[in-house]
Each structure stands twice: as structure tokens, then as C-alpha cells.
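Novice: Sequence unavailable; structure follows:
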């Protein structure tokens, strides 16, 4: 690329696209470039970054709605929400270590790639399911708007879900409105020592099928030495009020003891463990010579896919989403 354009406002984005159209020059769209190493390399004469389009434009805690420009760093948004005891529903991952970058992910990048963390398996769904509205610039240098700033908005075509996950190929997101949720008072993780990946996924399925509201279900094939977990370990997370969590965790523990020895990780230890799962830290430091695969499969097929990758490549593995998301390095 000959240069990186950083428009300061939406009008600047329109002008950059209009100039690119006139010159028949492809544009590579990014925020801070934290996902540049993912997917295939983009060959473009120019790059356009939304990093200068930053800042929260609307936040109504009582209505649980937040709007921000596409280049707003995710940590900035999370900090603003934390002050009011709220959180981003999609639990967006931070792949800076995995991708070898230091800049934080932006809201536009997370929505544009439709990246969702461990809470994907809960009733909250994927990141695109929490997008209430977007503003974007099309490849014809036209500004379009889809959705709005309220929870019930069915105006027009639902382009917001089409743009979420399109990686900037269908339009350049300039502003995004999300619904947010209250943050749980505390959390705990039940770690089950299992004999095999198949048994681990069976334990995760039992937990997810229980009435106890599991918000995270992952499998560490090699355990986690930092948290004293050795060998294949199934992880199930519960989040709730302080007064309710002990009963739910005890009941879930009784249900899962048939799968193996159960260890309880509480509060901060649990949060740290799931940050690692969210960011794919258990894969280990990944060098430039290694390939990383993120495969979405049926949860029941996860153990077989993981075993095949291990046998063929000696891959390091991590399974999330109840076994339905297989990471391999």
C-alpha cells in the first residue's frame, strides 16, 4: 500500500472512498490493524483506517444502549461500562498477543469481524445479535444507516447483521450502536479433570443442558499449570449474584462429579482463566512460522476434529463453545 488514510470524520471517509472509486483503486479497510494477520493478505493500492473516528457518542445506562464511532478502542468502551456496572454482551476477545500487535482492538473491528468470546454459547448469542444500529459508507461513497438506537427497531432492511462479519468488504462502518447488559456480581468456574476430549465435551454438554445458566464451556486438552489444572480439563462458568452463586455451583458440581474430579475456581481466579480462554492464551506464544486455525464445528464433532489435527500436525489445541470452536496452533 502506498499510504494509510485516516479520515477524522464520516465526511472524510466518504471523500476517501469517492477518490478511490474515481481512481479505480481498491481500499484495504482496518481500524488499528490488529487482525491484519488473519485471513488472506489484502492487495490494495491504499489503506483506510478508522482509528481517528473514535469516541462514545451516546450512552444511556438506564436503557442499556451505547453508541460509539468505529475506531473507538474496546478497552475505552469497557471502562465506561464498568463504571456503571455494565458490560459488552459479546465478551469480545483480545487477539493482540496472538496476532503479535500492541494496539487495542476497535469496536468497528470487532463488529466487522463478528468476533464473540466464550459467552457465545449462552442465550446472548453472537456479537451481531447485539448490534442495534450502524452507520456505514458503501463502495459507491454513499452513507447508509440501518437500525437505530432503541431495542425494538425494525425499520428498513436489516443491513446491520449483513455488515457484521463482512470484514469491511460491504461497507466501512463509521458508527455502531449496541445493547449492553449488567455485569454479574461474581463468578465461579467448575474445572473437571476428564480422561479424554470426548468425555470432556460430554461434561460440557451436561452442564450446558442443565438449568443452572452456564455462561462459558471450554476444554483445555493440556490443562492449565498456572491454575493448578493438569491434563484434559473441562471448564464450566457460572455468573450470578453473591447470594445465589453458592447454591447453583453446588448443584452443578453434584451433576458433574460423575465425569471426574471437580475443582472450584472462584472470583478473580475464574475471571483470569476465562480471559485466557477468550484470548486463546492456552495455545501458547505463537511465532510467525506457525499457522493458527479457528474452526467452527458441531460440538459433538469437536473431539474428533481436534484429535485429527493433533495426529496430523502435532497441533496445540483449545476447544471453546462447548466443543464447537476448535483452536489449533
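Specialist: Sure thing, it's come through. All of these numbers come straight from a predicted model, not from anything done at the bench. Numbering: from 1, shown residues only.

Novice: Mind giving me the packing neighbours of the one helix or strand residue 81 maps to?
Specialist: Using DSSP states H and E, residue 81 sits in helix 74-82. Helix 74-82 sits against strand 56-60, strand 65-69, strand 86-88, helix 107-113, with contacts defined as 3 or more Cβ pairs under 8 Å, 6 or more residues apart in numbering; DSSP states H and E. Placement of C-beta: from N, CA and C, glycine included.

Novice: Determine how far that helix lies from the middle of the whole chain.
Specialist: Averaging C-alpha positions (Cα atoms, centre = their mean, to the nearest Å) puts helix 74-82 15 Å from its chain's average.

Novice: does residue 48 count as helix, strand or coil?
Specialist: Under DSSP: H, G, I helix; E, B strand; the rest coil, the three-state class of residue 48 is strand.

Novice: quick revisit: out of the helices and strands packed on helix 74-82, the one nearest residue 194 is which?
Specialist: strand 86-88 (29.9 Å; Cβ to Cβ).

Novice: which helices and strands does that closest one pack with?
Specialist: Contacts defined by 3+ Cβ pairs under 8 Å, 6+ apart place strand 86-88 against helix 74-82, strand 172-182.

Novice: So for residue 189, which of the ones you listed sits nearest?
Specialist: Closest to residue 189 of the helices and strands packed on strand 86-88 is strand 172-182 (Cβ to Cβ; 19.7 Å).

Novice: Please name the strands paired to the closest one in the sheet, noting orientation.
Specialist: If you go by DSSP bridges, strand 172-182 pairs up with strand 65-69 (antiparallel), strand 86-88 (antiparallel), strand 131-137 (antiparallel).

Novice: What is the subsequent helix or strand relative to it?
Specialist: Next along the chain after strand 172-182, taking DSSP H and E as the criterion, comes strand 186-193.

Novice: contact partners of that following strand?
Specialist: For strand 186-193, contacts defined as Cβ atoms under 8 Å, 6 or more residues apart in numbering pick out 200, 203, 207, 215-216, 227, 229-242, 245, 249, 252-253, 256, 259-267, 269-271, 273-274.
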